[in-house]
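[1] Here is a sequence together with a model predicted from it:
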Amino acid sequence: MNHLNQLPSELISSILSYVDKQDLFTCSLVDKSFYKTTLSLLWQELEIDTQDTLHTMTRILEASTSSSSATVLGELVRSVTINARLSDDDLLAFIKLVPLITDLSLVKASQISDDSFVQVPDLVPHVTHLYLCAADITQRSMEAIAHWPLQQLTLIFCEDLESNMFTSLTRCSSTLASLDIRNCSLHGLETPDTAQQAAANLMTLHHLTYFHIYCPSHDYSPFTTALFVDLPSITPWPELTYLNLSPCHDVTDSMVIALLQAQPKLTQVGLCDSRITDKTLDAIATYLPEVVKVDVMLSPDITADGLRRLVKTCRKLTIVYFYSCEIYPCHFPELDDSKMIVDDDYSDDESPFQVIALVGGAFDSDVGSDADTDYDTNADADFDANNEQ
């Protein structure tokens, strides 16, 4: 066709959506129509890996706002991931130039404090997805964050947060669907009264589909216990599909079974460092027919027989983790190596290797098939990723 500039912009955009980002630069040279559409795609998602790149991008975006060009580049940006370390000043200088972003990820935020972060929601008011790692923020920032229409919030290694962050998040109750908190010091969760209030606030987030809290360095068991004890008669999270709680030191079978009955849409369940037994495994098989992943690591009262029943019953199950539960290959004499993951990180002739996971369909008759071997590799990688948390 000799008249590419006559193509509708929607069609050009559809075509370019299949083009690798590396090749979009070439596409931008076709004509003015392709250039305009390509420009939007090139700037839609920014991933910044070094401080030099961050400073360069800041200068480019700043120059765009003061140029005579009709296109302000910063207004094209919707997603920003910064993998470089940045200061409060760096963050503010950059963030004000991308006012329409909806996704923000700060992967190395150890130098980010309340001084900058409390200002960020005013500068980028449309953020729905936030990922923060190692940020030096406090409750002041959490109160500011809660003004966003948040749908997904991930906080990792944020050491100065408090249990009343859940109070702030109640402002997001109409939008928040995913809450992931790992290795954060939520001061107050170790106290029964504040833990109970935090649990009550969490239960107001009725749109949650994903909730994960994990912190081995702090005992948040009063909080996890409160989630079960205070479980209302109606389903607190009617759309919840993923629940992973750790530690669960005081959580018993009867508590878990009540929750499983109230949350029938769960497909991934983690109840680590708990007092549960095979009764919970049997309840998972009974009440969660769609379950695909189960994690009961550090729960010493489960047995190989309970795990065997779970895997045989749950036909959609892809993996069940039970690290450090004193279960060994000899407990599954009918299985070959392709059906289980063994902890072989440490060599000790006096202690046999423990089994740390079974893959779905482990007790089916097609043991050792190519598909099983391929799946086992994926499951092992999944387990490694969980441990890295």
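    Structure received. Numbers count the residues shown, from 1 in each chain.
[2] Please count neighbours and contacts with C-alpha atoms only from this point.
    Will do.
[3] Wait, a helix at Asp180?
    No - per DSSP: H, G, I helix; E, B strand; the rest coil, Asp180 lies outside any helix segment and is strand.
[4] All further residue positions should be reported with the first residue as 23.
    Understood, numbering begins at 23; the last thing we discussed is Asp202.
[5] How about the contacts made by Arg337?
    By CA atoms under 8 Å, 6 or more residues apart in numbering, the contact set of Arg337 is Gly382, Gly383.
[6] State the pLDDT value of it.
    For Arg337, the pLDDT comes out at 94.
[7] And the strands in this structure?
    67-70, 101-104, 125-128, 151-155, 174-178, 200-204, 232-236, 264-268, 290-293, 315-317, 341-343, 362-364, 377-381 (DSSP state E).
[8] Of all the ones you listed, which one is nearest Gln161?
    strand 174-178 (13.0 Å; CA to CA).
[9] Would you pull up how far that closest one lies from the middle of the chain?
    For strand 174-178, the separation from the chain centroid amounts to 7 Å (computed by CA atoms, centre = their mean, to the nearest Å).
[10] That strand pairs with which strands, and in what direction?
    strand 151-155 (parallel), strand 200-204 (parallel) (DSSP bridges).
[11] Arrange these in JSON lines, one row each, with distance to Phe250, mean neighbour count and mean pLDDT as further columns.
    Shown next, in JSON lines, are the strands paired with strand 174-178 (distance: least, CA to CA, whole Å; neighbours: other CA atoms under 10 Å; pLDDT from 0 to 100):
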{"stretch": "strand 151-155", "distance to Phe250": "28", "mean neighbour count": "19", "mean pLDDT": "98"}
{"stretch": "strand 200-204", "distance to Phe250": "18", "mean neighbour count": "19", "mean pLDDT": "97"}
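[12] Include distance to His169 when you put the ones you listed into CSV, please.
    As requested, those are exported to CSV (distance: least, CA to CA, whole Å):
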stretch, distance to His169
strand 151-155, 13
strand 200-204, 16
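[13] do you know which of the ones you listed lies nearest Leu83?
    For the strands paired with strand 174-178, distance to Leu83 was read as CA to CA. The smallest value, 21.7 Å, belongs to strand 151-155.
[14] residues making contact with the closest one?
    124-132, 172-180.
[15] Settle this for me: Ser62 is touching Leu98, isn't it.
    Yes - if you go by CA atoms under 8 Å, Ser62 and Leu98 touch, sitting 5.8 Å apart.
[16] CA-only coordinates of stretch 374-387 in CSV, if you can.
    Listed next in CSV are the C-alpha coordinates belonging to stretch 374-387 (Å, rounded to 0.1, in the frame of the first residue of the first chain):
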residue,chain,number,x,y,z
PRO,A,374,18.4,-38.2,54.9
PHE,A,375,17.1,-35.6,52.6
GLN,A,376,13.6,-34.5,53.3
VAL,A,377,10.8,-34.2,50.7
ILE,A,378,9.7,-30.6,50.5
ALA,A,379,7.0,-30.8,47.8
LEU,A,380,4.9,-33.1,45.8
VAL,A,381,3.7,-32.2,42.3
GLY,A,382,0.1,-32.6,41.2
GLY,A,383,-0.9,-36.0,39.9
ALA,A,384,2.0,-37.6,41.7
PHE,A,385,0.1,-40.8,42.4
ASP,A,386,-1.4,-41.1,38.9
SER,A,387,-0.4,-44.2,36.9
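[17] Can you say which of the strands paired with strand 174-178 is nearest to Leu303?
    With CA to CA, the closest approach to Leu303 among the strands paired with strand 174-178 belongs to strand 200-204: 24.3 Å.
[18] angle of the closest one against strand 264-268?
    Inter-element angle recorded for strand 200-204 and strand 264-268: 20 degrees (by axes from the mean of the first three to the mean of the last three CA atoms, to 10 degrees).
[19] what angle separates strand 200-204 from strand 232-236?
    Using the same axes, to 10 degrees: strand 200-204 against strand 232-236 is 10 degrees.
[20] Off-centre distance for strand 200-204?
    6 Å.
[21] ok, now stretch 85-102?
    31 Å.
[22] in it, what's buried?
    Ser86, Thr87, Val94, Leu95, Gly96, Glu97, Leu98, Val99, Arg100, Ser101, Val102 (16 or more other CA atoms under 10 Å).
[23] thought the fourth one was touching Glu67?
    No - in this structure Leu95 lies outside contact range of Glu67 using CA under 8 Å: 11.6 Å.
[24] tell me which helix or strand of this structure sits lowest on mean pLDDT?
    Scoring the helices and strands of the chain by mean pLDDT, DSSP states H and E places helix 392-410 at the bottom, with a mean of 43.
[25] What's the local residue count around His228?
    When neighbours are defined as other CA atoms under 10 Å, His228 has 19 of them.
[26] can you pull the contacts of it?
    Ser195, Ser196, Pro258, Trp259, Pro260, Glu261.
[27] Leaving out the residues flanking it, which one is nearest to the third one?
    So that's Pro258. Met225 (5.5 Å; CA to CA, 6 or more residues apart in numbering).
[28] Can you give me the neighbour number for the one you found?
    Count around Met225 with other CA under 10 Å applied: 21.
[29] Please report phi then psi for it.
    phi -70, psi -10 (degrees, to the nearest 10).
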